[in-house]
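S.K.: structural data only, the sequence is not supplied:
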């Protein structure tokens, strides 16, 4: 959420950003509703003052047994009744306008950084850097589902039978790999001073609104019937909401949090897209990093580079080729000020596929969630929030299995993962044992 004064001063630019982010909101209408809201509030306050003055006058005359005619006293009482009727009508109109204003405010996008590329979709994202080179197999390579079946580690047919489309089982070494990449990511963050947390995955709608996943992301979220409880698609929701309505202490520097959680997404709008395999599923695990820092653009930019580098380090430990892209305006979410995506090479797709999303939100979430801090001069400010995936599984298993396969179907295990897998160096093809 943005400050209304900022919106007034930058309404043209914000309307352009809303259009680029494909958000259906009229900044002009918002400002009109704000003006009308303020007018109603002013009129209500004036009528209340008039009523209070009249009530005081009537009370004074009654207590002093004034010689005013009964008709005069009654006329004053009638004025109070008329004001009450007017107040009731105005308060109802004010309530409606306030709701309309709030709904529009919840749709206003965050402004974007000056170096954010202009564009319409992910096709307009700009590659910033790459690491390593995609493998060139001298044999007909297998995709992760074929490899999963060989090693009896992925079972999508039973997943679909039990839970419907976009569901799966990970079995045996598949479950262990799934756990191993998460623990590697968490250990990486712990070594960098992050506080590990176990967080709720079932939250109230207010937590999703405060973190700007609602209202625009409501169709991507599973709801518990007849309750205000929703399954989150990322632990970012719970981590940011941990400090909602609080004044936090940033005097010792930024607060760094990390969580491992199960996540759920409905994938509405993805019908028929990425149905095969583990790329787009309803349930997945993710290690998330969330940082709170002071409202200083240079500091949050530095931290944005830091959390992106953390994810890159994880991919380098997994020995996977990847590229970092600057996300364009048309591919950004409402809340994002600046975003990098990290895309890892996936042979079965013959392209890089998104595995990480690193975002600088500035104070957009903090304003919604009312998270503040005291600056060096003792002033209360809204903090900046940032987030990035450390690893998400089972999607990361796609490049991990496919890039590290041998011709016989066996799979190389990167050095960094071996301590989590009984020091195995390779998953041998059980058909050749």
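M.R.: Happy to help now that I have it. Note that this is a predicted model, so its numbers are computed, not measured.

S.K.: against residue 227, how distant is the closest residue to residue 118 other than its chain neighbours?
M.R.: Setting aside the residues directly before and after it, residue 118 is nearest to residue 329 in space (C-beta to C-beta, 6 or more residues apart in numbering), at 5.6 Å. Every residue, glycine included, has its C-beta placed from N, CA and C. Distance from residue 329 to residue 227, counting by C-beta to C-beta, to the nearest Å: 36 Å.

S.K.: between the two, which is the more surrounded one?
M.R.: Shown here are residue 329 and residue 227; by other C-beta atoms under 10 Å, residue 329 has more neighbours (21 against 9).

S.K.: can you give me the helices in this structure?
M.R.: 4-9, 11-20, 27-63, 70-105, 144-150, 156-163, 173-190, 205-210, 236-241, 297-317, 364-369, 397-403 (DSSP state H).

S.K.: now the longest one: buried residues?
M.R.: In other words, helix 27-63. By neighbour count on 16 or more other C-beta atoms under 10 Å, the buried set for helix 27-63 is 27, 30-31, 33-34, 36-37, 40, 44, 47, 51, 54, 57-58.

S.K.: ok, so of those residues, who is nearest residue 95?
M.R.: Here the nearest of those to residue 95, counting by C-beta to C-beta, is residue 40; it sits at 9.1 Å.

S.K.: hmm, that closest one is touching residue 92, no?
M.R.: No. Taking contacts as C-beta atoms under 8 Å, residue 40 lies outside contact range of residue 92: 9.9 Å.

S.K.: what's the closest of the buried residues of helix 27-63 to residue 347?
M.R.: Set against residue 347, the nearest of the buried residues of helix 27-63 by C-beta to C-beta is residue 27 (45.2 Å).

S.K.: show the model's pLDDT score for the closest one.
M.R.: Looking at residue 27, its pLDDT reads 98.

S.K.: ditto for residue 270
M.R.: pLDDT, read off for residue 270, is 68.

S.K.: swap in residue 89?
M.R.: Confidence at residue 89, expressed as pLDDT, is 97.

S.K.: who's in contact with it?
M.R.: Neighbouring residues of residue 89 by C-beta atoms under 8 Å, 6 or more residues apart in numbering: there are none.

S.K.: now do residue 109
M.R.: Residues in contact with residue 109, defined by C-beta under 8 Å, 6+ apart, are 14, 17-18, 21, 23, 25, 334-335.

S.K.: out of these, which is nearest to residue 197?
M.R.: Using C-beta to C-beta, residue 335 comes nearest to residue 197 of the contacts of residue 109, at 21.0 Å.

S.K.: measure that closest one to residue 386 for me?
M.R.: For residue 335, the distance to residue 386 - C-beta to C-beta - is 11 Å.

S.K.: comparing these two, which residue is more hemmed in?
M.R.: Shown here are residue 335 and residue 386; by other C-beta under 10 Å, residue 386 has more neighbours (27 against 23).

S.K.: and the more buried one, what are its bridge partners?
M.R.: Under DSSP bridges, the beta-bridge partners of residue 386 are residue 291, residue 360.

S.K.: that one against residue 360, yeah?
M.R.: Yes. Using C-beta under 8 Å, residue 386 makes contact with residue 360 at a distance of 5.1 Å.

S.K.: quick one: which of the helices of the chain is nearest residue 197?
M.R.: Nearest to residue 197 among these is helix 236-241; the distance by C-beta to C-beta comes to 6.7 Å.

S.K.: show me how far the closest one is from its chain's centre.
M.R.: The chain centre lies 8 Å from the centre of helix 236-241; the measure is C-alpha atoms, centre = their mean, to the nearest Å.

S.K.: outside of it, which residues touch it?
M.R.: For helix 236-241, the external contacting residues (C-beta under 8 Å, 6+ apart) are 197, 199-201, 203, 207-208, 210-211, 213, 232, 257, 259, 261, 288, 290, 365, 369, 371, 385, 387.

S.K.: where along the stretch 301-433 of the chain do the strands fall?
M.R.: For the stretch 301-433 of the chain, the strands defined by DSSP state E, counting those that start in this stretch cover 322-326, 338-346, 351-362, 372-374, 380-382, 384-393, 411-412, 426-427.

S.K.: mean neighbour count, those strands: which tops it?
M.R.: Highest mean neighbour count among the strands of the stretch 301-433 of the chain (mean count of other C-beta atoms under 10 Å): strand 384-393, with a mean of 25.

S.K.: state the distance from the nearest residue to residue 200 once chain neighbours are set aside to residue 297.
M.R.: Of all residues not flanking residue 200 in the chain, residue 238 sits nearest, at 5.1 Å (C-beta to C-beta, 6+ apart). Relative to residue 297, residue 238 is positioned 26 Å away (C-beta to C-beta).

S.K.: now swap in residue 403 and tell me
M.R.: From residue 403 across to residue 297, the span is 37 Å (C-beta to C-beta).

S.K.: okay, the two: which has more neighbours?
M.R.: Neighbour count, other C-beta under 10 Å: between residue 403 and residue 297, residue 403 has more, with 24 against 13.
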